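In: Next one to model:
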Amino acid sequence: MTDSTPRAASHSAVLPTGDWPELLPGWVWLCGAGPGDPGLMTLHGLNALQQADVIVYDALVQKDILAWARPDAELIYAGKRGGKPSAKQQDISLTLVDLAKAGRRVLRLKGGDPFVFGRGGEEAQTLVQHDVPVRIIPGISAGIGGLAYAGIPVTHRDVNQSVTFVTGHDQTGETTNLNWKAISQGSQVLVIYMGMKHIARIAGALLDAGRAANEPVAVVTEATTKNQQVLETTLENVVADIEASDLEPPAIICIGRSVKMRQVLDWQGMLEGKPARNLDPLGRGRPAEER
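Out: Residues are numbered from 1 along each chain as shown. Purely as a prediction, here's the structure:
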């Protein structure tokens with residue numbers, strides 16, 4: 001974990017009038033910064049940024065969000081990225097304890113939501129075990145917000161009555177301890193975080209579990225940012241199509257018929273003047289308002 005002071009040029013972000021909570025010395029607030037777009041940061045998160053003495057932030061937190069911090073706030077980078085040198089989780093957790101015990105007002109800023117594959121539960125438990133008071137500020141998870149920016153609803157009445165969010169690897173960094181057969185049978189739509197590294201194993205396991213080879217798949221990289229890319233493919237072709245592309249993590253992978261809805265809901269494409277590719281991608285044969 002390293003100290004870091006560079007940040008984008010500071011610009012004002014004014015909270016609306018309200019009874020906003022105060023970040024007190026010796027407290028740690030664990031906050032989700034959302035999937036990338038600074039506009040998806042919550043007002044509670046903005047309030048925390050403007051009060052914190054020190055901000056311990058992850059790799060996926062955008063610089064534009066850090067620019068809303070107090071000019072004199074200390075920024076500490078604690079990013080964890082697969083395959084790259086990263087701070088140890090124990091060191092991050094104990095650093096938060098030390099900062100709080102020193103009387104600092106601490107903001108732990110994490111991409112997405114701190115409790116969705118973000119190790120926020122571990123960090124919060126460590127803090128409580130060391131008698132450090134905490135506040136949890138939820139954030140928009142990439143598995144919901146990132147797919148929405150891609151024009152993919154994670155639930156749709158004509159597609160699914162359940163959705164499963166799953167990590168692409170277990171605590172060992174592998175997929176072996178995940179019951180992919182049960183996961184496959186558990187819901188119609190699967191949303192996989194951190195799954196690109198093991199996509200060949202995951203796709204193979206899902207096919208072996210009975211998922212259809214032509215089932216729609218979307219791979220969304222750098223979701224909600226200006227660098228967002230979306231690959232539409234199928235379960236049998238996803239490995240080859242990723243290999244043939246220039247896509248790099250971080251990525252959200254969505255598997256299920258809801259991916260077809262991108263054909264009519266690619267709102268970012270529409271902003272660029274592109275028409276909807278298919279007004280009835282699910283083949284309902286009637287207007288969407290008719291049930």
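
In: low-confidence ranges in the stretch 1-150 of the chain?
Out: For the stretch 1-150 of the chain, applying pLDDT under 70 flags the ranges 1-12, 80-85.

In: switch to 50 and redo it
Out: 5-6, 8-9 (pLDDT under 50).

In: just the stretch 151-291 of the chain next, same as before
Out: Scanning the stretch 151-291 of the chain for pLDDT under 50 picks out no residues.

In: how about 70 then?
Out: For the stretch 151-291 of the chain, the ranges with pLDDT under 70 are 170-176.

In: Helices of that one, start to end?
Out: 180-186, 199-208, 238-244, 262-265, 267-271 (DSSP state H, counting those that start in this stretch).

In: Redo those as a markdown table? Include mean neighbour count.
Out: Every residue, glycine included, has its C-beta placed from N, CA and C. As requested, the helices of the stretch 151-291 of the chain are arranged in a markdown table below (neighbours: other C-beta atoms under 10 Å):
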| stretch | mean neighbour count |
| --- | --- |
| helix 180-186 | 15 |
| helix 199-208 | 19 |
| helix 238-244 | 16 |
| helix 262-265 | 20 |
| helix 267-271 | 13 |
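
In: Ok, which of those helices comes nearest Leu24?
Out: If you check each of the helices of the stretch 151-291 of the chain against Leu24 by C-beta to C-beta, helix 267-271 wins as the nearest, at 40.6 Å.

In: where's that closest one relative to the chain centroid, distance-wise?
Out: Put simply, helix 267-271 sits 21 Å off its chain's centre (C-alpha atoms, centre = their mean, to the nearest Å).

In: Show residues contacting that helix.
Out: Residues from elsewhere that reach helix 267-271, judged by C-beta atoms under 8 Å, 6 or more residues apart in numbering: 149-151, 228, 276.

In: redo that, cut-off 10 Å
Out: When contacts are defined by C-beta atoms under 10 Å, 6 or more residues apart in numbering, helix 267-271 is touched by residues 148-151, 224, 228, 230, 262, 264, 274-277.
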